[in-house]
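[1] Mind folding the following:
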Amino acid sequence: MPLTCRILYQDRFADQRSLFEQRLYLIGRDKHCDIVVDDRSVSRRHAHVRYHDGDWLITDLNSTNGCFFDERKISEQIIHERSVIKIGSVSLELQPLTHKQLTTDLQHRAWQHRQLRTIRQDCIQSHDLKRLLTQAQQGAQNILHSERAALILLNDKSRIDQCIGFPDWLEPGHFSGSKTLIKQAINSRSVVAVNNAQTHQHLRDQRSVIEHSIKAAIAVPISYSNCIIGVFYADNVHQHHYFTDHDVSVLSLFAQQLSSQLAFAQIDLQLQWVEERLQQLLAG
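    The predicted structure follows:
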């Protein structure tokens, strides 16, 4: 019986690993561990996970900050079902799977890539910017199984105020996603994610996070010619629906594939605006 292990960092996407019965897995901050947890609150050799007598077990290795299950400090814990073990300030979501369930998970990953190719072809055939943005938004939401998703196209000042073709929750003045997260992605030029905005020290007091119960959220910048031209944003209000490293990989690939088409579509829109403006001036 395999075991899925998700490392739930506070401020990044979830790393996901599949563990198998034949071996023991060492968990810790040391780069030589089988499962490396990059957080200072985690000991270099914090715990190990193994399969024994039909059960998965996690065992603390006299770590500095310990292992906790249901807010109770443990030295060893049997994993019968989905369980969240806290090591330091990081949570491990451990869930036993049948081999059939693991195969289904792998098939889902392959499905994501097939969907990406299909959506990409649809976007290539779209020459209208508004339709392109809508298709990309719906495609990202479909691939990620997120409750909400959007492709935010930035203006030349990189402000979040050009939301052509987006639903009402993205319109200026009504935006209910995390602007903080999106601005971080723009400024850092890298993927920014949180696994639970409700407990995140910098996001939990944001009005949109409180009102809309945003938990998992992700922002992926879209770059063209070394400039950030847009951002993919997606979020969930389901506590256990995290964005994994594979989700990030797929969405980043989608962003890369769309970048040139979005840039040219944006130029076409600007030229169209200039032409319409000239016609208005000539008519006046």
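[2] Next secondary structure after the helix-or-strand element of the chain with minimal mean pLDDT?
    Lowest on mean pLDDT, DSSP states H and E among the helices and strands of the chain sits helix 207-212, with a mean of 51. Downstream of helix 207-212, the next assigned helix or strand under DSSP states H and E is strand 217-224.
[3] export that next one as PDB, just CAs?
    The C-alpha trace of strand 217-224 is given here as PDB (Å, rounded to 0.1, in the frame of the first residue of the first chain):
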ATOM      1  CA  ALA A 217      -4.100  30.100  -3.600                       C
ATOM      2  CA  ILE A 218      -1.500  30.400  -6.300                       C
ATOM      3  CA  ALA A 219      -0.100  33.200  -8.600                       C
ATOM      4  CA  VAL A 220       2.100  32.400 -11.600                       C
ATOM      5  CA  PRO A 221       3.600  35.300 -13.500                       C
ATOM      6  CA  ILE A 222       3.700  35.300 -17.300                       C
ATOM      7  CA  SER A 223       6.800  36.700 -18.800                       C
ATOM      8  CA  TYR A 224       7.600  37.800 -22.400                       C
END
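[4] and that strand, what does it pack onto?
    On a contact count with 3 or more Cβ pairs under 8 Å, 6 or more residues apart in numbering; DSSP states H and E, strand 217-224 meets helix 179-188, strand 192-194, strand 227-235, helix 245-283. Heads up, the C-betas are built off the backbone N, CA and C, glycines and all.
[5] for the stretch 1-150 of the chain, what spans make up the strands?
    3-8, 15-19, 25-28, 35-36, 47-52, 55-60, 67-69, 72-74, 76-79, 83-87, 90-96, 148-153 (DSSP state E, counting those that start in this stretch).
[6] ok, and which of the ones you listed has the densest surroundings?
    strand 148-153 (a mean of 25; mean count of other Cβ atoms under 10 Å).
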